[in-house]
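Participant: Sequence plus predicted model, see below.
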Amino acid sequence: MRWFRFFRRSRADRELQDEIDSYLAEETAENITRGIKPEEARRQARIKLGNPRRVREKLWQQNTVTFIDNLWRDLRYATRTLRRTPGFSLIAIGVMALCIGATTSLFTVVRSVLLRPLPFRDPGRLVMIYEHFRDPSMNALGFNYNAVAPADYFDWRAQTHGFEDMAAWRYWQFNLTGDRGELPELVSARGGTWNLFPLLGVPAAIGRTFLESEDRVDGTVAMLTWNLYERRFGGDPSIIGRQIHLDGKPYTVVGVLPQWFTYPDAKVQVWVPYASGMPSGTLQHHDFHFTRVVARLRPGVSLASALGQVGAVQYQLHMQNLHAPVAEDVASRTINDDLARDVKKPLLLLMCAVACMLLIGCLNVANLLVARGAARQKEVAIRGALGAQRLTLIRGQLTESLLICLAGGASGVLLSLAATQWLSSAWKDLPSAESIHVDGVVLAFACTVAFSAALLAGLLPAISSTGKAAFCFAPGFIAHHQRKPLSRVTLRKTLLTVEIAVTVVLLIGAGLLLRSFVRLSSTDVGCVTNNVLTLNYNLPPQKYNSKEKVNTFNETLLEKLRTLPGIRAVALGSVLPGEGNGSDVAFTIKEHTQIKSGEALPDALIRLADPGYFSALRIPLLKGRFFTGDDRLDRAKKVVISSLLARQYFPGEYPVGRTIHIPAANDSDYEIVGVVGDTLGQIGQQMLPIIYLPVLDGGFYMGLSLAIRTNSDPLAMSVPVQKQIASLDPELPVFNVQTMQQEIGDSLGNARFSASLVLTFAVLSLLLASVGLYGVLSYLMTQRTTELGIRIALGARRDHVLRLMLFDGLRPAITGLALGAAASTGATQLIRSMLYDTRPLDPAVYVAVTFTLLMVATLACLIPAWRASRLDPMQALRAE
């Protein structure tokens, strides 16, 4: 009730005043009827009533909530105070808006990508399971989480009971052609087992999901994502039951997935059954790894127990296939972590960087508030002399800090709306980008940050400015403290030192990431990358259903392209350098001794290459020969190997003429005819051994990559090249048309984006620190005006005064630099895994940061130090 009366107290006061006025009027009228003169009648009525102000004050106090009343008073006073100093207010609010806005924007992305559960049924019990080799060198040629072989998945599902169910999916892509005149397009697709959508708890928005009987090699049903349903088919429900052509093969559409379903990423357009279109016998392979397995944990069963059952089955499979690359163990991670695996570390790094920037912003505002407290020293002293308690003064100054941070937070939220939209669109590898938006939770986080920043920025200045001087209103006392404000100066220098130390940590981290990115981007992939146009195409197996047809198309295309003016050379292969590692195969060497029991087979990446592949990309021939036009079809049992494979498996031997057996390549023997230079598959990863097979074999892969070396701008040749492809097959879509340098640059997206953002935060922090340094030295000069005037009057040289003030300002910068460098030796260890060919204690980065900081600090100190050296001693002493 009291809270209710508090908000109605003005109305109650007016009602009481009306009642008092009514009473006085009635009493006055009654006195007049008794024959008393009007003036005397009013006086006697007021005497009879007593003091009405006391009555009103008593009622006002009864209806008052003291805390709210004090807060409202503080807010009004703080608002008036801030309006009187618009320059200070705008600077402080701007700093907090920048810092809180950046923090809110990053939190919005982190929450959507890392913290928000996926919209599946009970997502906390969903995990991804991978194969894991105990030998690090066997982990998918460098990865700890390996795709699963189809036969392993089926054995896991049949022989374990710790999970409610397991489902699987695999990557795919199709040439989608239209029956109604639509242009052909390449669509990203996935093949999912019949139980995938029930396991995830995802119903079809229109139609149905797959049936168990449809998940077979000759299965010809498909489900559309909502994006393709709306974009390609205009949202027409009659698409259910109709046929679409994928790689020239008719598939019947049985369902459309919900609009919110974007798993595993928003690029997926079509789902088909897992087994559909698989080559015969693939489902029985234990050494062909391309499957992703998702499992739902059974209630009451721990993940360790359920995973242990799967691990036991996997170890048995390993023992039964000792000469094949079958892992001994399994590994898992949550479905959320799996989706965010490529961006989790960069996101956490950016969140730490923006938190450092927020801390620097708070320290900067705290420094401004300390200077403001010095300017308001007389005001605080007068309020203290009039009886204001120290807690009241502290609360009032904290209220000012709160208003600054709330205004900055409100502006920061507006900035974060634009920043979040930019982040979600500019960061190409960001999962669930379409679901990133500012909501109530984000606004609550922004408010929490604003309140925390207000406390962090305002508490120490408030305590400092309400010390002993606030309660002694003696001019001599105040003058004494103006001459020797040691505690306030010390506080400002301490805040500045911490600010610079945090800035140094940010600068060193940004420098290491930038140096790592530069080295990544300058990595030699082992072939020419300048003036090279790359593109991909997939020959649909329904149309190109024989080796002769495949070879005819490829050879005709190569001949047409080589005759185009402006083209120097053309290479055709399965995976180009820098495009990724692709698939790997196990092999044996005929001339070597038999593999011992329990010893794994050698493993290497597999590539296809045409006869002109190596010369076009300028991959050097080290031994033997390249492929020729005779290495085709039945005569194509020839391979070229990389130098690394030769060194690893033929040490001290001449490998040309030796024979290797590749079970996955038709279980055939292949003669080594050449050794070529090493090429890098994935930027930032180790060089791996490679086996090249002739592309004129006519099979093995349907997806091919063209590399076209030109005389000038390669993108200028993209249209003529695509016209040549269209002249051979108008329905064949071409995709990923770009230069090789663009392709390599795209693979560095996460490294470039995180390095750029951290560098931006570090530069902004350096700017804030330099402004703080400038402010501190300007304040010191103001406080030491008399001292400097006396020094100059007594004969001190002006260059000596310049050095004195300069060194006084640089002292916190040097201290902060030392503390920041020391802290960085530990902090940079946290980003060790994100660095490429760069040590966390890289001396070049530390030297560059030291030089940059000292240069910026010197420039920030130079202006106030110069003003101090040009001080007129007479004016300084006259002011005293």
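Facilitator: Happy to help now that I have it.
Participant: Once you drop chain neighbours, what's closest to Arg625?
Facilitator: Of all residues not flanking Arg625 in the chain, Gly674 sits nearest, at 5.0 Å (Cβ to Cβ, 6 or more residues apart in numbering). C-beta here means a position set from N, CA and C on the backbone, and glycine is covered the same way.
Participant: Any idea what the one you found is bridged to?
Facilitator: Beta bridges link Gly674 to Gly624, Val640 when assigned by DSSP bridges.
Participant: With Ile244 instead?
Facilitator: Applying DSSP bridges, one finds that Ile244 bridges with Tyr251.
Participant: Please renumber the chain so that the first residue is 26 from this point on.
Facilitator: Fine by me, first position is 26 from now on; the one you just mentioned is Ile269.
Participant: and it, how many neighbours does it have?
Facilitator: When neighbours are counted by other Cβ atoms under 10 Å, Ile269 registers 22.
Participant: show me what contacts it?
Facilitator: Shown in contact with Ile269 (Cβ atoms under 8 Å, 6 or more residues apart in numbering): 201, 247, 275-276, 278.
Participant: Likewise for Ala751?
Facilitator: Leu757.
Participant: domain assignment for the chain?
Facilitator: Following automatic domain parsing, one finds the domains of the chain at 27-89, 90-146+368-499, 172-351, 509-548+766-905, 565-756.
Participant: and of the ones you listed, who's closest to Asn361?
Facilitator: Of all the domains of the chain, domain 90-146+368-499 sits nearest to Asn361, with 6.3 Å by Cβ to Cβ.
Participant: what about the stretch 476-625 of the chain, any weak spots by pLDDT?
Facilitator: Within the stretch 476-625 of the chain, the stretches with pLDDT under 70 are 492-513, 618-625.
Participant: which residue ranges form the strands in it?
Facilitator: 557-563, 592-598, 609-611, 613-614 (DSSP state E, counting those that start in this stretch).
Participant: Reformat those as CSV; add distance to Ile666 and mean neighbour count.
Facilitator: As requested, the strands of the stretch 476-625 of the chain are exported to CSV (distance: least, Cβ to Cβ, whole Å; neighbours: other Cβ atoms under 10 Å):
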stretch, distance to Ile666, mean neighbour count
strand 557-563, 23, 21
strand 592-598, 15, 21
strand 609-611, 12, 20
strand 613-614, 11, 17
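Participant: just to revisit the earlier point, any chance of the domains of the chain in a markdown table, with distance to Glu156 too?
Facilitator: Below are the domains of the chain laid out as a markdown table (distance: least, Cβ to Cβ, whole Å):
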| stretch | distance to Glu156 |
| --- | --- |
| domain 27-89 | 63 |
| domain 90-146+368-499 | 21 |
| domain 172-351 | 5 |
| domain 509-548+766-905 | 22 |
| domain 565-756 | 13 |
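Participant: Nearest to Ile154, out of the ones you listed?
Facilitator: domain 172-351 (4.7 Å).
Participant: lowest-pLDDT helix or strand in the protein?
Facilitator: In the chain, no helix or strand scores lower on mean pLDDT, DSSP states H and E than helix 500-508, which sits at a mean of 45.
Participant: circling back: among the contacts of Ile269, which ones are buried?
Facilitator: Buried by 16 or more other Cβ atoms under 10 Å: 201, 247, 276, 278, out of the contacts of Ile269.
Participant: Closest one to Val438 out of those, please.
Facilitator: Taking Cβ to Cβ as the measure, Val438 lies nearest Leu201 of the buried ones among the contacts of Ile269, at 42.2 Å.
Participant: what's the closest of the contacts of Ile269 to Asn220?
Facilitator: Asn220 lies nearest to Ala247 out of the contacts of Ile269, by Cβ to Cβ, at 17.1 Å.
Participant: list the contacts for that closest one?
Facilitator: 269, 271, 276-279, 295-297.
Participant: Put the alpha carbons of the helix or strand hosting Leu201 into CSV.
Facilitator: When elements are assigned from DSSP states H and E, Leu201 belongs to strand 188-202. Provided in CSV are the C-alpha atoms of strand 188-202 (Å, rounded to 0.1, in the frame of the first residue of the first chain):
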residue,chain,number,x,y,z
PHE,A,188,21.6,-44.2,-27.1
GLU,A,189,17.9,-44.0,-27.9
ASP,A,190,18.8,-44.0,-31.5
MET,A,191,21.5,-43.1,-34.0
ALA,A,192,21.1,-41.4,-37.4
ALA,A,193,23.5,-40.5,-40.1
TRP,A,194,23.9,-38.0,-42.9
ARG,A,195,26.4,-37.3,-45.6
TYR,A,196,27.4,-34.4,-47.9
TRP,A,197,26.1,-34.3,-51.4
GLN,A,198,25.3,-31.9,-54.3
PHE,A,199,23.2,-32.2,-57.3
ASN,A,200,22.6,-30.6,-60.7
LEU,A,201,19.0,-29.5,-60.4
THR,A,202,17.4,-29.2,-63.8
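Participant: thinking again about what came up before, and the gap between the residue nearest to Arg650 and Pro739?
Facilitator: In this view, Gly699 and Pro739 are 27 Å apart by Cβ to Cβ, to the nearest Å.
Participant: Tell me which of these two has more neighbours.
Facilitator: Ranked by neighbour count (other Cβ under 10 Å), Gly699 and Pro739 place Pro739 first, with 25 against 19.
Participant: Is the closest residue to the more buried one other than its chain neighbours bridged to anything, and to what?
Facilitator: Distances taken as Cβ to Cβ, 6+ apart put Leu558 closest to Pro739, at 3.7 Å, once the chain neighbours are dropped. When bridges are called by DSSP bridges, Leu558 pairs up with Ile733, Thr764.
Participant: residues in contact with Leu558?
Facilitator: By Cβ under 8 Å, 6+ apart, Leu558 lies in contact with 731-733, 735, 739-740, 742-743, 746, 762-765.
Participant: so which helix or strand takes in the nearest residue to Leu225 once chain neighbours are set aside?
Facilitator: For Leu225, ignoring the flanking residues on the chain, the nearest one in space by Cβ to Cβ, 6+ apart is Phe145 at 4.7 Å. If you go by DSSP H and E, Phe145 is not part of any helix or strand.
Participant: For Phe145, grab the count of nearby residues.
Facilitator: Phe145 is flanked by 19 other residues according to other Cβ under 10 Å.
Participant: which stretches of the stretch 26-175 of the chain have low pLDDT?
Facilitator: 26-41, 74, 77-97, 160-169.
Participant: the helices in it, which residues?
Facilitator: In the stretch 26-175 of the chain, the segments counted as helices under DSSP state H, counting those that start in this stretch are 27-32, 34-58, 63-74, 77-87, 91-109, 111-135, 175-184.
Participant: what comes into contact with stretch 180-196?
Facilitator: 150, 154, 173, 175, 178, 215-218, 220-221, 223-225, 289, 299, 315-323, 326, 330-335, 338-339, 342.
Participant: Now, of the residues you listed, which are buried?
Facilitator: Buried residues within those, counting neighbours by 16+ other Cβ under 10 Å: 150, 154, 173, 175, 178, 215-218, 220-221, 224-225, 289, 299, 315-322, 331-332, 334-335, 338-339, 342.
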